[in-house]
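Just need the structure, nothing else, for what follows:
(2 chains)
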2 protein chains.
Amino acid sequence: MPLEQLNFITGNRNKLAEVKAILGDVVPLQSKSLDLTEIQGAMEDISKDKCRRAATIVGFSILFTITIARCNVLNIWKIGGPVLTEDTCLCFNALKELPGPYIKWFLQALGHEGLNNLLIAYKDKSAQAVCTFAYSSGPGHEPILFQGRVTGTIVPARGPTNFGWDPIFEYDGETYAEMDKAKKNTLSHRAIALSKLKQWLQTQ
Amino acid sequence: MPLEQLNFITGNRNKLAEVKAILGDVVPLQSKSLDLTEIQGAMEDISKDKCRRAATIVGFSILFTITIARCNVLNIWKIGGPVLTEDTCLCFNALKELPGPYIKWFLQALGHEGLNNLLIAYKDKSAQAVCTFAYSSGPGHEPILFQGRVTGTIVPARGPTNFGWDPIFEYDGETYAEMDKAKKNTLSHRAIALSKLKQWLQTQ
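So this is what the prediction gives:
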């Protein structure tokens, strides 16, 4: 049975636009902005933990509404509905995949130049952009992961600077920031992960 | 009223020895090893979050025991007792205080040489060793923080290598690893934090 709606947990318009461009024709997406703390650890554990908590929050916020309305609480999981969370890591190979899941703190503190500086000691400037989508059908349902991984090179910033570390991640001669959006949506780490998710959703 | 016992949450013998050396004459310490996930974020938020969860786990594990024994559950908070957690950060000033709370992942992945390499692009090799103890008197009691901070320099490893990043943190000409233990226990970031905690405990 096709999904009626999927709650994509994000407060980031750019990410929402990317996800809608790829997934919009398969399932109606509703974005929800939740302030979810992330744990430290392996990227898969971080993704699963965040998705579990998102499913609980979305599920129980609906439970509250339903209780007020005196409706049948047995419907809560269906109404709370599935949630989708997303995590992005930027893994520098010379740094044994770090900053990895901590990239947002490093980008925020050091900027593009500072991220390049982390690799000055190494010839190997290769990096992996990793996107992990976690899907849970509701509270208590173990998240399923869909991961996309692209290997590129860390370079001095080129292109528009409005989307995170896109200007310093080069793939096939272009940085993500320089790349045409439509092209990026076919080959990016997020596109690969979404393609796996889309394929799975179509079989549900 | 002096505390009857304080549950120090650690699985690290070296840390326990340091804490006992400074705090042992003020309060009986019992060490408990709990596998507590840490969140990402500001170091103070990380410390408080971990301490809250430790207090809940220690409190409720006692509740369980008491219920089995059919004793008065009103005693649970007193018996669950206060907990003490500890977090250590190593903040490189040139990296805007990073790796900071993520230092354990960086040390594990990159080792001492790799940590030095992170600073190759910068003349400023200064760093702050920060220790934060968080104390909670039981489940639901907001943690109180005691923080110690020492400014030193990141250097190539010198001295015994059995205690984390001690060999690469130099203070006043010696690395922590080279330093006499008794001397280190009077001036380290952990000693400063513990001294604040000790002073506070003595007024309780």
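
Identify the spatial nearest neighbour of the residue nearest the centre of chain A, chain neighbours not counted.
Chain A has A:Glu86 as the residue nearest its centroid, 2.4 Å off, counting by Cα atoms, centre = their mean. Nearest non-adjacent residue to A:Glu86, counting by Cβ to Cβ, 6 or more residues apart in numbering or on different chains: A:Phe133, 5.4 Å away. C-beta here means a position set from N, CA and C on the backbone, and glycine is covered the same way.

ok, the one you found - contacts?
A:Ser47, A:Leu84, A:Thr85, A:Glu86, A:Leu145, A:Phe146, A:Gln147, A:Ala193, A:Leu194, A:Leu197 (Cβ atoms under 8 Å, 6 or more residues apart in numbering or on different chains).

Show me what it bridges to in the sheet.
A:Phe133 forms beta bridges with A:Glu86, A:Phe146, as assigned by DSSP bridges.

ok, back up a step: quick check, nearest of the contacts of A:Phe133 to chain B?
Closest approach to chain B among these (Cβ to the nearest Cβ): A:Ser47, at 13.0 Å.

Check which helix or strand that closest one maps to.
Using DSSP states H and E, A:Ser47 sits in helix A:43-68.

Quick check: mean pLDDT of that helix?
For helix A:43-68, the per-residue pLDDT values average out at 79.

how many neighbours does A:Thr132 have?
26 (other Cβ atoms under 10 Å in any protein chain shown).

swap that for A:Glu142, sorry
The number of residues near A:Glu142, taken as other Cβ under 10 Å, comes to 11.

I'd assumed A:Ala55 was in contact with it.
No - the pair A:Glu142 / A:Ala55 is not scored as a contact, 9.7 Å apart, by Cβ atoms under 8 Å.

Now the common contact residues for those two.
A:Ser136.

Confirm that A:Ala121 sits in a strand.
No - remark: A:Ala121 does not belong to a strand; assigned using DSSP: H, G, I helix; E, B strand; the rest coil, it is coil.

Tell me the predicted confidence for it.
pLDDT, A:Ala121: 98.

Can you tell me the closest non-neighbouring residue to it?
Nearest residue to A:Ala121, sequence neighbours excluded (Cβ to Cβ, 6+ apart): B:Asn117, at 3.8 Å.

for the one you found, what are its contacts?
Contacts of B:Asn117 by Cβ under 8 Å, 6+ apart are A:Ala121, A:Tyr122, B:Leu110.

will you turn those into TSV that also has distance to A:Phe163 and neighbour count?
Shown next, in TSV, are those (distance: Cβ to Cβ, whole Å; neighbours: other Cβ atoms under 10 Å in any protein chain shown):
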residue	distance to A:Phe163	neighbour count
A:Ala121	28	16
A:Tyr122	26	16
B:Leu110	28	18
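
quick revisit: among the contacts of A:Phe133, which one lies nearest to A:Thr161?
Nearest to A:Thr161 among these: A:Glu86, at 21.2 Å, using Cβ to Cβ.

Give me every residue in chain A lying close to chain B.
A:37-41, A:49, A:95-99, A:101-102, A:105-106, A:109-110, A:114, A:117-118, A:120-122 (Cβ under 8 Å from any Cβ of the partner chain).

low pLDDT regions in chain A?
A:1-2, A:60-80 (pLDDT under 70).

can you rerun that using 80?
Filtered on pLDDT under 80, chain A yields the residue ranges A:1-4, A:14, A:59-81.

Helices along that one, start to end?
A:13-23, A:43-68, A:76-80, A:103-117, A:181-187, A:189-202 (DSSP state H).

nearest to B:Leu187, of those?
Closest to B:Leu187 of those, according to Cβ to Cβ: helix A:103-117, at 28.2 Å.

Off-centre distance for that closest one?
Averaging C-alpha positions (Cα atoms, centre = their mean, to the nearest Å) puts helix A:103-117 19 Å from its chain's average.

Please report how far A:Gly173 lies from chain B.
Going from A:Gly173 to chain B by Cβ to the nearest Cβ, to the nearest Å gives 25 Å.

End to end on stretch A:34-52, go ahead and measure it.
Length of stretch A:34-52, first residue to last, Cα to Cα, to the nearest Å: 13 Å.

If you count neighbours, what's buried in it?
Using 16 or more other Cβ atoms under 10 Å in any protein chain shown as the test for burial, stretch A:34-52 gives A:Leu34, A:Glu38, A:Ile39, A:Gln40, A:Met43, A:Ile46, A:Ser47, A:Lys48, A:Asp49, A:Lys50, A:Cys51, A:Arg52.

picking up where we left off before, which of the helices of chain A sits closest to B:Gln202?
Closest among these, once you apply Cβ to Cβ, is helix A:103-117, at 37.1 Å.

Can you give me the buried ones in the closest one?
For helix A:103-117, by 16+ other Cβ under 10 Å, it's A:Ile103, A:Lys104, A:Trp105, A:Phe106, A:Leu107, A:Leu110, A:Gly111, A:His112, A:Gly114, A:Leu115, A:Asn116, A:Asn117.

Of those residues, which is the nearest to chain B?
A:Asn117 (3.7 Å).

Now A:Ile144. Nearest residue, chain neighbours left out?
A:Tyr135 (5.1 Å).

ok, the one you found - contacts?
Counting by Cβ under 8 Å, 6+ apart, A:Tyr135 has contacts A:Cys51, A:Pro82, A:Val83, A:Leu84, A:Pro143, A:Ile144, A:Leu145, A:Phe146, A:Leu197, A:Trp200.

could I get the helices of chain A as a markdown table with distance to B:Pro160?
Putting the helices of chain A into a markdown table (distance: least, Cβ to Cβ, whole Å) gives the following:
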| stretch | distance to B:Pro160 |
| --- | --- |
| helix A:13-23 | 47 |
| helix A:43-68 | 32 |
| helix A:76-80 | 54 |
| helix A:103-117 | 31 |
| helix A:181-187 | 49 |
| helix A:189-202 | 42 |
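
and of these, who's closest to B:Asn14?
Relative to B:Asn14, the nearest member of the helices of chain A by Cβ to Cβ is helix A:43-68, separated by 26.3 Å.
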